[in-house]
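# quick one, what's the 3D model for this:
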Amino acid sequence: MYVTTLIARPGQLDPAAAEALRNAWGGGALQWLAPDEAAEFSLDTVPENRWQVWEEMQVLGIDLVVQPAEGRRKKMLLADMDSTMIQQECIDELAEEAGVGDRVKEITARAMNGELDFEGALTERVGLLKGLPEAIIAQVLETRITLMPGGKQLLATMKARGGYCALVSGGFTAFTARVAEQLGFDENRANTLTIVEGALSGEVGRPILGREAKVQALEEITARLGISEAEVIAVGDGANDLGMLHRAGAGVALHAKPAVAAECDIRINHGDLTALLYLQGYAASEFAG
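Below is the predicted model of the structure:
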């Protein structure tokens, strides 16, 4: 058995469109998870025109996901941070303060789209931040960093049902520690910005955490918890997230770069982080936080 989930921004899911798709695919009864926002229905098989219909739904502002019904509710969340749990790229915000914003943003975009080696791109960008006062980190956290909508509900709901939540970022511990505390992550892993005499040295602590480090986190944490990788929902937006997105039971490309989304079966372009709860079959009335 499979389940089809339709998700849109609040008030944007047309009941007629949802019912029409259910009828066209011969699905089970339409179940509303949130009025005019999220609905689902069962299917016996995956429709051959799935991706054609997905493209049609995108035009309507609707995310369409077809996945196995069994094992949908996961025991662990493994999340990227930049442009996933927060709405910014931390290194880009630091670069703005250092006066090299445009150059760093260009490198970030290319690295996240898989056009550049992650480690080399990170090293180059951090080098451009050399001399920036350490105090700027706290300033950026206070004035430039905002949480992605739905994150608090996502973590609170999964943790209320015994879930474990890990934040694994190619960004920096100075930011993951704060975001993890705000949202309630059980642990966080990231790179370390080296500080010398109160200023950024322009170097990153070794080893650098990139794509393989996220896969390693998936392996290590699931082994420690005694759960399978199939019991994990992972979420990210960049090329360095693809390893964990492919390995997890549910890998969600959230507002992802086109080249990244193309490699994932679960793509959320219109919904926020609560989409990860709808995908697991939670109704809005079950949300915590």
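
# where exactly do the strands run in the chain?
Remark: strands assigned in the chain by DSSP state E are 2-8, 31-34, 38-43, 62-68, 76-79, 164-172, 187-191, 193-196, 199-204, 232-236, 250-254, 266-268.

# now the ones you listed in CSV, with mean pLDDT and mean neighbour count?
Just so you know, the C-beta spots here come from the backbone N, C-alpha and C atoms, and that holds for glycine as well. Below are those laid out as CSV (pLDDT from 0 to 100; neighbours: other CB atoms under 10 Å):
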stretch, mean pLDDT, mean neighbour count
strand 2-8, 98, 23
strand 31-34, 98, 18
strand 38-43, 98, 22
strand 62-68, 98, 20
strand 76-79, 98, 27
strand 164-172, 96, 24
strand 187-191, 97, 21
strand 193-196, 95, 16
strand 199-204, 95, 18
strand 232-236, 98, 28
strand 250-254, 98, 25
strand 266-268, 98, 22
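
# so can I have CSV of those strands showing distance to residue 16?
CSV is the format used below for the strands of the chain (distance: least, CB to CB, whole Å):
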stretch, distance to residue 16
strand 2-8, 12
strand 31-34, 13
strand 38-43, 12
strand 62-68, 12
strand 76-79, 33
strand 164-172, 37
strand 187-191, 43
strand 193-196, 52
strand 199-204, 52
strand 232-236, 30
strand 250-254, 27
strand 266-268, 22
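
# closest one to residue 124 among these?
Nearest of the strands of the chain to residue 124, taken as CB to CB: strand 199-204 at 10.2 Å.

# how far off centre is the closest one?
Taking the mean of its C-alpha atoms, strand 199-204 sits 27 Å from the chain's own mean (CA atoms, centre = their mean, to the nearest Å).

# helices and strands around that strand, which ones?
Here strand 199-204 touches helix 118-127, strand 193-196, going by 3 or more CB pairs under 8 Å, 6 or more residues apart in numbering; DSSP states H and E.

# one step back: which one of the strands of the chain lies closest to residue 97?
Closest approach to residue 97 among those (CB to CB): strand 199-204, 10.5 Å.

# so that closest one versus strand 187-191, what angle?
Taking axes from the mean of the first three to the mean of the last three CA atoms, to 10 degrees, strand 199-204 and strand 187-191 form an angle of 90 degrees between their directions.

# now what about strand 199-204, what contacts it?
Residues outside strand 199-204 that contact it (CB atoms under 8 Å, 6 or more residues apart in numbering) are 122-123, 126-134, 191-195.

# nearest to residue 282 among those?
Nearest member of the contacts of strand 199-204 to residue 282, counting by CB to CB, is residue 191, at 32.7 Å.

# if the closest one is in a bridge, with which residues?
residue 172 (DSSP bridges).

# was I right about it contacting residue 176?
No: if you go by CB atoms under 8 Å, residue 191 and residue 176 don't touch, sitting 9.2 Å apart.

# any common contacting residues for those two?
Residues touching both residue 191 and residue 176 (CB under 8 Å, 6+ apart) are residue 169.

# residue 99: neighbouring residues, count only.
Residues within reach of residue 99, counting by other CB atoms under 10 Å, total 10.

# next one: the one 4 residues further on
By other CB under 10 Å, 14 other residues sit near residue 103.

# likewise the one 5 residues further on?
Residue neighbour count, defined by other CB under 10 Å, stands at 22 for residue 108.

# surely residue 21 meets residue 13?
No: here residue 21 does not reach residue 13: they are 11.0 Å apart, not a contact under CB under 8 Å.

# quick one: furthest residue from the center of this structure?
residue 197 (35.0 Å; CA atoms, centre = their mean).

# ok now do that residue, which residues does it touch?
Listed by CB under 8 Å, 6+ apart, the contact set of residue 197 is empty.

# so what's residue 154 up against?
Residue 154 is in contact with 77, 273, 274, 276, 277, counting by CB under 8 Å, 6+ apart.
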